[in-house]
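J.: Give me a model of this one.
(chains A and B)
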Amino acid sequence: MNVLEIRNLTKKFGDFVAVDNMSLNVREGEIFGFLGANGAGKSTTINMISSLLRVSKGEILILGRNIVSDSHFAKMNIGIVPQDLSIYENMTAYENVSFFAGLYGIRGALLKERTAEALEFVGLADKHKSFPKNFSGGMKRRLNIACAIAHRPKLIIMDEPTVGIDPQSRNYILNSVRKLNEMGCTIIYTSHYMEEVEELCTRIAIVDHGKIIAEGTKEQLKAIITDTKDIWIGIKSAGSQDIEPLKQIQGVTSVRLDENTIKITSKGEVNNLNRIIQQLIKDQAEIRSVEEQAPNLETVFLTLTGRNLRD
Amino acid sequence: MNVWNIMIKEIKSSLRSTQTFIFMLAFPILLMLILGTALTNAFSSTAQIGDMQLLYSNKASNPQLIQHWQGFSQAIEHEGIQIVPAADGTNGQEEIREDRYTAYVELGDDGIQVYGSSKHAIESNIIQGMLTAFANQYNLAAAAFKQDPSKAEAILANANGGSHIVRETSLDPNKQAGSMDYYAISMTTMIALYSALPGSFLFRSERTRKTAIRLMASPVSKGSLFAGKVLGSTIINFLCIIAVVLFSLFVYGANWGDHYGMVFLVLATQVIFSISLGLGLSYLLKGDSARSFIMIFTQIASFVGGAYFPVDQRGGAWITQILPYISPLHWANTALTKIIYADDLMAAWPTIGVNLGIAAAFLITAALIMRKREAL
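T.: The predicted model follows:
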């Protein structure tokens, strides 16, 4: 069963087409990765699903019901974890969750139970009387999630839920996402951290210029680019390395610098490793390691969009 | 039910805001104290009158005049004025210059010469006023004497009774506003007008705090959000106004009259007006310009509406006469003053009507723009 169906969705801002005739299905029980660089149309799509923006053309169905004609039903079944923290700093953690859950018609003892349950779920039960202004970034992110789940939505949309937090909180949130999914929630997950998407998501859609350019499981997406290979070369002070000569080498499609690693994507059939090493020696780079990798999601994304996810 | 939830959240958030307490409570209470104390004399309805000593020199030979003068002297002595006959060789004018007496009178057959002390202007004017009454009465008697001497005697006899030479007529001094009374009203209405600022933040704050996303994603209608937030903000701002009124009443002893119901009704409509103004402007003007506009408007409205000092509309340029009428503070202050000091309850209704009418216009405008917008 499809929890979310998007049919020929279009959103225009004046002459600018932010989402262009997009169609997509998210099935029940999935953790669906929604990938796109900044300005790709990902947030606009999410905002239309969340009823924050009106649809210019096409339709969105939640559990088979149109979000425009049956908006109350759709909203009752969606939980939003916005990228920006969407909580009241001058209300306690308990009051925040209770207030937002109350907007979904939950009252009395059930409201107390659901609020306590949501706070327990994100590990803030012992901080329920504390104000978010005294929370760490990770705790605020967890409260942001608690506010979205107390009404037990069928579909949870998580927009960059791990931005700017410590690894411990990130692990906590990723485990929470898995647990929510095990409890029966369908999740749409967006992130700039490709490894998170690769680790969590059962299916992924890549959005570029308002269109879905690829969709499928990780394996299906990686299969699209079997003709490429990744070469990772660890060197001392990669930041000072001039990458332009490397880009000129036959078969190289992209070169990126990431801390002390030069990440090169090359056509699979071209044997150019020797020339790359020679160029680096010529540039007096101190090589520490050389690894040839199978394509990962990041490579897929880069190959399909020509951009890094964090661009 | 969601209206209730949103309203309670609004009240709770505002109650926890230090800004609310400083701006809506501490600020007007402190200003009342500072202005009310500093400008006490400017509002004084009583003048301090010192001892009055009248030096006189009698050079008249007319027995009727002398008799009439004696009657007058007794009457004004009864009112507390000390009558001192000038010794021979005394220079009365010099005595006045030396500030030994309040006034000097020379009584002669050709008339009465009065010299007043410029150092005791009020006292001197009182004596001159009494002497004018005396002279008029004597002239009347003298004129009557030429026609019918018996009537002249009756006039003089009546005058010598002295009961109406000095007559006190009070204009109910208890009904005059003192400085603290004035600033209690003007600061309260000024701070009610400042409710326009929280009004302008009602939805803007949800947008900047990013909570608008969650509110919009919830199954709550824009109408419920609108009603809940406007109600919540009105209640919390009105509670602040009530607290300011009660503080000024019980701590500063300000006069709020006897018609508390009507006073609070005017203030409540003033709060509704201000919040609606702020909310309407936040939808009509883009970005932060609503806040800037409100700051400028409230300052000007406070200034010309008499928040910092009473504005005298009599005389002056036409603009000084018209400007106060555009200030919502002026409408409210006028109504409240009439309710408190003239027991004129009907004076409240025009202000209530104007406040609610303008509020309705701004609320409808804001609601229509909000409905048209995609987000809040």
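J.: Which positions in the stretch 251-376 of chain B make contact with chain A?
T.: B:374, B:375 (Cβ under 8 Å from any Cβ of the partner chain). Just so you know, the C-beta spots here come from the backbone N, C-alpha and C atoms, and that holds for glycine as well.
J.: Tell me where the stretch 251-376 of chain B is predicted with low confidence.
T.: B:312-318, B:320 (pLDDT under 70).
J.: can we see that at 90?
T.: Scanning the stretch 251-376 of chain B for pLDDT under 90 picks out the ranges B:286-289, B:303-326, B:341-344, B:372-376.
J.: The stretch 51-200 of chain B too?
T.: By pLDDT under 90, the low-scoring segments of the stretch 51-200 of chain B are B:51-103, B:105-180.
J.: For the residue nearest to residue A:34 when sequence neighbours are not counted, give me its contacts.
T.: Of all residues not flanking residue A:34 in the chain, residue A:190 sits nearest, at 4.6 Å (Cβ to Cβ, 6 or more residues apart in numbering or on different chains). Under the criterion of Cβ atoms under 8 Å, 6 or more residues apart in numbering or on different chains, the neighbours of residue A:190 are A:33, A:34, A:35, A:36, A:42, A:46, A:83, A:158, A:159, A:160.
J.: May I see those residues organised as JSON lines, with pLDDT added?
T.: Below are the contacts of residue A:190 laid out as JSON lines (pLDDT from 0 to 100):
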{"residue": "A:33", "pLDDT": "94"}
{"residue": "A:34", "pLDDT": "92"}
{"residue": "A:35", "pLDDT": "90"}
{"residue": "A:36", "pLDDT": "88"}
{"residue": "A:42", "pLDDT": "90"}
{"residue": "A:46", "pLDDT": "91"}
{"residue": "A:83", "pLDDT": "89"}
{"residue": "A:158", "pLDDT": "95"}
{"residue": "A:159", "pLDDT": "92"}
{"residue": "A:160", "pLDDT": "89"}
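J.: Give me the subset of those residues that lies in strands.
T.: Within these, residues falling in strands by DSSP state E are A:33, A:34, A:35, A:36, A:158, A:159.
J.: Now do the strands in the chain.
T.: Just going to use chain A. With DSSP E, the ranges of strands along chain A come out as A:2-13, A:16-27, A:31-36, A:57-62, A:65-66, A:78-81, A:155-159, A:186-190, A:203-208, A:211-216, A:228-235, A:252-258, A:261-267, A:287-293.
J.: wrong one, I was asking about chain B
T.: B:52-58, B:81-85, B:103-108, B:111-116.
J.: in the longest one, what counts as buried?
T.: Neighbour-count burial for strand B:52-58, with 16 or more other Cβ atoms under 10 Å in any protein chain shown as criterion, is recorded at B:52, B:53, B:54, B:55, B:56, B:57, B:58.
J.: Restricting to C-alpha, output that strand in PDB.
T.: Only the C-alpha atoms of strand B:52-58 are listed here, as PDB (Å, rounded to 0.1, in the frame of the first residue of the first chain):
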ATOM      1  CA  MET B  52      -1.900  89.100  54.500                       C
ATOM      2  CA  GLN B  53      -1.200  92.400  56.200                       C
ATOM      3  CA  LEU B  54      -2.900  95.600  55.000                       C
ATOM      4  CA  LEU B  55      -1.400  98.900  56.000                       C
ATOM      5  CA  TYR B  56      -3.800 101.800  55.700                       C
ATOM      6  CA  SER B  57      -3.700 105.500  56.100                       C
ATOM      7  CA  ASN B  58      -7.000 107.300  56.600                       C
END
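J.: which secondary structure elements does the longest helix along chain B contact?
T.: When chain B is parsed with DSSP state H, its longest helix is helix B:222-250. Judged by 3 or more Cβ pairs under 8 Å, 6 or more residues apart in numbering or on different chains; DSSP states H and E, helix B:222-250 is in contact with helix B:2-15, helix B:27-38, helix B:179-193, helix B:196-201, helix B:260-284, helix B:348-372.
J.: Any residues of the stretch 51-200 of chain A in contact with chain B? List them.
T.: Going by Cβ under 8 Å from any Cβ, the residues of the stretch 51-200 of chain A near chain B are A:51-54, A:71-72, A:75-76, A:78, A:80, A:82, A:84-91, A:95, A:99-100, A:102-105, A:107, A:147-148.
J.: I only care about the residues you listed that end up buried; give me the PyMOL line for that.
T.: Applying 16+ other Cβ under 10 Å to these, the buried members can be selected in PyMOL as follows:
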select buried, chain A and resi 51+52+53+75+76+78+80+82+85+86+87+88+89+90+91+95+99+100+102+103+104+105+147+148
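J.: Looking at the residues of the stretch 51-200 of chain A next to chain B, which are in helices?
T.: Checking those against DSSP H, those in helices are A:71, A:72, A:75, A:76, A:95, A:99, A:100, A:102, A:147, A:148.
J.: quick revisit: can you tell me which of the contacts of residue A:190 is closest to residue B:233?
T.: residue A:83 (28.5 Å; Cβ to Cβ).
J.: Select, out of the strands of chain B, the one closest to chain A.
T.: Comparison of those against chain A by Cβ to the nearest Cβ identifies strand B:52-58 as nearest, at 65.4 Å.
J.: How much space separates residue B:271 from residue B:88?
T.: Counting by Cβ to Cβ, to the nearest Å, the separation of residue B:271 from residue B:88 is 75 Å.
J.: give me the number of residues near the residue lying closest to residue B:297 once chain neighbours are set aside?
T.: In space, and not counting its chain neighbours, residue B:297 is closest to residue B:196: 7.6 Å by Cβ to Cβ, 6+ apart. Residue B:196 has 31 neighbouring residues, counting by other Cβ atoms under 10 Å in any protein chain shown.
J.: returning to that earlier point: pick out whichever of residue B:271 and residue B:88 has more residues nearby.
T.: Counted by other Cβ under 10 Å, residue B:271 and residue B:88 do not tie: residue B:271 has more neighbours, with 27 against 6.
J.: Is the more buried one in contact with residue B:241, as I believe?
T.: Yes. In this structure residue B:271 lies within contact range of residue B:241 using Cβ atoms under 8 Å: 6.1 Å.
J.: Many thanks, I have nothing further to ask.
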